[in-house]
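Need the 3D shape of this:
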Amino acid sequence: MTQAHTLKTLAAAVSLLAVAQSANALTPWDNGPAEVKIFTSGGAAQDRAIEEAIKFGLAAPGTLDVFQDLQGTSKGRRFQGFYFTGAASLPAGLAGKRIYVEKRSLGAAGYGVVPLAGNIGLDHLDIFLPNKGDGTFGSSQLGAWQADGAKFWKAEITNTGGSSGQSAWNNYLVQNQLSDGGFTGVDAPALLAPGTDNYPELVKEPSTNANTAGWNTSLTPAALIANNIARVPTGGLVYGIGVSLDFYKVLQVAQYKSGQLPADTLTNIGKYDDESYIPSLSRDFLASLLAGSIKNWSDVKIVDRSVAGQPVLPLTDASIVGAAGVALPPSTKVAIGRRNKGAAIGAVSYAKVLGYPYVQGAKSPKAAALNTAAIDNGATAPIAKNPGGANATDALLVDWQNGTNTSGFNPALKKFWGFAVHGGDRNANVSQPWRYVKIDGAAPTIANVANGSYPLWAEGEVLIRPASAIGADKVAALEAFASALANVSVLKTVNTNAVLPFGQSGVFATTRTDSTASVSVPFDAENPVVPLSHVTPNGFTSLGVAPVAFNNGVANPDFGGTTNTVIELK
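Down below sits the predicted model:
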């Protein structure tokens, strides 16, 4: 066979493959409306896992198309839609059917709980809307979308209630639509705690530029029972504490001087690919910071054991700052990045660090100050900000490092040494100038969760309306969805984007949520299973209890087939 013939054959094969892939695409303009349409809302912490769960748990191979709203460079930050053909493994009412699953992340975890508990309608992305007759395209038309790579589509959608132009809300969104299911990165009752910082706060609906109508501020877990809302557990997520890059380097020098980091730390300032060089904050110290009890970094002292006489130095001492190779910021007041009320990340951090609101008399997190330049420039200390999502928290840490205001939470345009409660799988490529720190000597990795040394983690839940309200097919789809979010074979595919320089972070199965999983010792990223659970006697998890080993009775092939719980001691 000649080389030319071989190349022609290869070209023909590639062409046929392209045609086949195109044929598998599922779009409203080529394939018409969905036979099953599911609207969901809730936390963004699981968004990476959600696409994989659909791809591997619900969709027939090659049939998934993804539709995302576009805000600046952020895609899918508020809304995503997934259109696919149901996999053959699904129940009869779903297999082979055209299925649309929408995920609203606007409002974070709280909007996966309160709207279901209180029957509150929301704006949702609907990709099957017709043209309005004003010269713009409805979402069911190709002209409403920009191609964003193979089988991905994006569109700008107003955030201010605008009803004219292509970005008009009514080209893409439906109003007052009840969510069929909800997602939260913690147990739902953790957020249904009226009067606490965990109870979800309002956000504005894009269609009206006004707060969500009918919001109820006093719902309790009893409302879930009254509305027959099913709570299905999912796998767990790692959370973390991020600090601005200059502050990370200062902490490295301080903990080198106090004898906690390696002897060659000063020649490796900024090192982040070895857990032993990462500075650590204890939970009690973090509690003092989160509660707002420490006003200024100059109030934090170290004993310098690296020199004779072992002098006591403030964290702001010139010898520390100079060795870190950074400049002292204009203000050394403590800067706290908490989260908006109702965020799973906030609830986990407050529970694990402060014991709030579970322990009687526990300190609450520092309330966010008015977001003004006058406050930031004035005597108020510490200052606390409440970004409304993981992307916003990224931006806040970057702003504190650079003296910018991309996040909108640094109006004084000042540099601060700041920290923020955060998801544990961010900034994996270290392209942003902030870093994670260890907690109690352990870095935010799944391995450290599995061996019981890292405290900031929680299991999630999928909430599902009853079949009497949404139909049996939707319930079955959401149950399959939840099962995929608890399954180790699905979750390991998500974590390829969560490999931090010092180890694997991200999402994981537990022996409680995956009844077929067994634990690997040492930890294996291809088998992200944690043998611990926050499960309570009622069968649900709770942030208010300490996680303990859970025995699912699976024979562990690595340890002689034992059905006992296996856990690593670090």
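
and the lengthiest strand in the chain, what's its mean pLDDT?
Longest strand in the chain by number of residues (criterion: DSSP state E): strand 230-244. Looking at strand 230-244 alone, the average pLDDT works out to 97.

any idea which helix or strand comes after that strand?
helix 245-257 (DSSP states H and E).

Just want the angle from the longest strand of the chain to helix 245-257.
80 degrees (axes from the mean of the first three to the mean of the last three C-alpha atoms, to 10 degrees).

mean confidence for stretch 146-166?
Per-residue pLDDT values across stretch 146-166 average out to 95.

what distance separates the start and the end of it?
Start-to-end span of stretch 146-166 (C-alpha to C-alpha, to the nearest Å) is 12 Å.

For that stretch, list every residue counted as buried.
Residues of stretch 146-166 classed as buried by neighbour count (16 or more other C-beta atoms under 10 Å): 151-155, 157-159. Just so you know, the C-beta spots here come from the backbone N, C-alpha and C atoms, and that holds for glycine as well.

can you check stretch 400-411 too?
Buried residues in stretch 400-411, counted by 16+ other C-beta under 10 Å: 400-402, 405, 407, 409-411.

can you check stretch 263-273 too?
Under the neighbour-count criterion of 16+ other C-beta under 10 Å, stretch 263-273 has 265-266, 269, 271-272 buried.

Sheet partners, orientation included, of the strand or helix carrying residue 69?
In this assignment (DSSP H and E), residue 69 forms part of strand 65-71. Using DSSP bridges, the strands paired with strand 65-71 in its sheet are strand 74-85 (antiparallel), strand 152-156 (parallel).

C-terminal to the last one, what's the next element?
To tie it back to what came earlier, the one meant is strand 152-156. Following strand 152-156 in sequence order, the next helix or strand is strand 173-177 (DSSP H and E).

and the angle from the strand holding residue 69 to strand 173-177?
Here strand 65-71 runs at 90 degrees with respect to strand 173-177, directions being taken by the same axes, to 10 degrees.

Give the buried residues for strand 65-71.
By neighbour count with 16+ other C-beta under 10 Å, strand 65-71 contains the buried residues 65-70.

if I pick residue 101, what's in contact with it?
38, 40, 54, 58, 81-82, 477, 481 (C-beta atoms under 8 Å, 6 or more residues apart in numbering).

Partner strands of the longest strand of the chain and their direction?
strand 418-423 (antiparallel), strand 434-436 (antiparallel), strand 457-464 (antiparallel), strand 507-510 (antiparallel).

If you count neighbours, what's buried in that strand?
Quick answer for strand 230-244 (16+ other C-beta under 10 Å): 230-244.

Off-centre distance for it?
From the chain centre to the centre of strand 230-244 is a distance of 7 Å (C-alpha atoms, centre = their mean, to the nearest Å).

Keeping just the C-alphas, turn that strand into PDB.
Output in PDB follows, covering the C-alpha atoms of strand 230-244 (Å, rounded to 0.1, in the frame of the first residue of the first chain):
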ATOM      1  CA  ALA A 230     -35.800  13.200  49.400                       C
ATOM      2  CA  ARG A 231     -32.200  13.700  50.600                       C
ATOM      3  CA  VAL A 232     -29.700  11.500  48.700                       C
ATOM      4  CA  PRO A 233     -26.100  11.500  49.900                       C
ATOM      5  CA  THR A 234     -23.200  12.100  47.500                       C
ATOM      6  CA  GLY A 235     -19.500  11.800  47.800                       C
ATOM      7  CA  GLY A 236     -17.300  14.300  49.700                       C
ATOM      8  CA  LEU A 237     -15.400  17.500  48.800                       C
ATOM      9  CA  VAL A 238     -12.200  18.900  50.100                       C
ATOM     10  CA  TYR A 239     -12.300  22.500  51.300                       C
ATOM     11  CA  GLY A 240      -9.400  24.800  52.200                       C
ATOM     12  CA  ILE A 241      -7.900  28.000  53.400                       C
ATOM     13  CA  GLY A 242      -6.300  30.200  50.800                       C
ATOM     14  CA  VAL A 243      -3.900  33.100  51.500                       C
ATOM     15  CA  SER A 244      -2.500  35.900  49.300                       C
END
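
let's have the chain start at 33 instead
New numbering, starting at 33: the last item is strand 262-276.

would you turn the buried residues of stretch 295-305 into CSV with distance to residue 124 and secondary structure?
Below are the buried residues of stretch 295-305 laid out as CSV (distance: C-beta to C-beta, whole Å; DSSP: H, G, I helix; E, B strand; the rest coil):
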residue, distance to residue 124, secondary structure
297, 62, helix
298, 66, helix
301, 61, coil
303, 56, coil
304, 51, coil
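
now, among these, which is nearest to residue 144?
Using C-beta to C-beta, residue 304 comes nearest to residue 144 of those, at 33.0 Å.

Tell me who's in contact with the closest one.
Neighbouring residues of residue 304 by C-beta under 8 Å, 6+ apart: 310, 462, 467, 533-534.

ok so, going back, now flag whichever of the contacts of residue 133 is closest to residue 399.
residue 72 (31.0 Å).

The closest one should be in a strand, yeah?
Yes - judged by DSSP: H, G, I helix; E, B strand; the rest coil, residue 72 forms part of a strand.

give me the low-pLDDT residue ranges for this protein?
In the predicted model of the chain, residues 33-56, 77 satisfy pLDDT under 70.

rerun that using 90 as the cut-off
33-57, 75-85, 87-89, 103-106, 109, 401, 420-423, 519, 521-526, 528-529 (pLDDT under 90).
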